[in-house]
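*Asks:* the following block contains a protein sequence and its predicted model.
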Amino acid sequence: MYLDALEVDTPVKDGEKSRTITRAELAAAVYAATPLNRRGAMKFVAETLEEIASCLAQGEDVMLTGFGRFEVRMKGERVGRNPKTGEPATIAARRSIVFSPSKIMRRRVAKGTQELND
């Protein structure tokens, strides 16, 4: 796969900054692994991410088997402090997204391997 050639197979050591994969790089990986052309691969990645974002915006959880689960949680109203003045300030209730990796993903990250079915 295309991402393999981007040197993501070397695990990140403690204290090192990790690499960020972009939409274009994901599209290039899809292009290399499927019969889609470059435009089709980019459209596939964009539509997939848009569908995930749309579901989360509607309050739905998204589970990608073997990868993880995106969950929408409600954070309650709380009291914080204004950093400049130290005055108490109310922080409004809001929705937040939480990601929980699957057991498979946790094992892969712990091992630092590329293979999905280790």
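*Replies:* Arrived safely. This one's a predicted model, so the numbers in the text were calculated from it and none came from an experiment.
*Asks:* which residues touch residue 30?
*Replies:* 36, 41, 44-45 (CB atoms under 8 Å, 6 or more residues apart in numbering). All C-beta spots, glycine's among them, are computed from the backbone N, C-alpha and C.
*Asks:* per-residue confidence at it?
*Replies:* On the pLDDT scale, residue 30 is placed at 95.
*Asks:* do the one 4 residues further on as well
*Replies:* Residue 34 is assigned a pLDDT of 94 by the prediction.
*Asks:* now do the strands in the protein.
*Replies:* For the chain, strands defined by DSSP state E occupy the ranges 62-64, 68-75, 78-81, 88-91, 94-101.
*Asks:* re earlier: of all the contacts of residue 30, which two lie farthest apart?
*Replies:* Distance extremes for those: the farthest pair is 36 and 45 at 10.0 Å, using CB to CB.
*Asks:* of those two, who's got more company?
*Replies:* Neighbours were tallied for residue 36 and for residue 45 using other CB atoms under 10 Å; the higher tally belongs to residue 45 (20 against 16).
*Asks:* distance check, that one against residue 70.
*Replies:* Going from residue 45 to residue 70 by CB to CB, to the nearest Å gives 16 Å.
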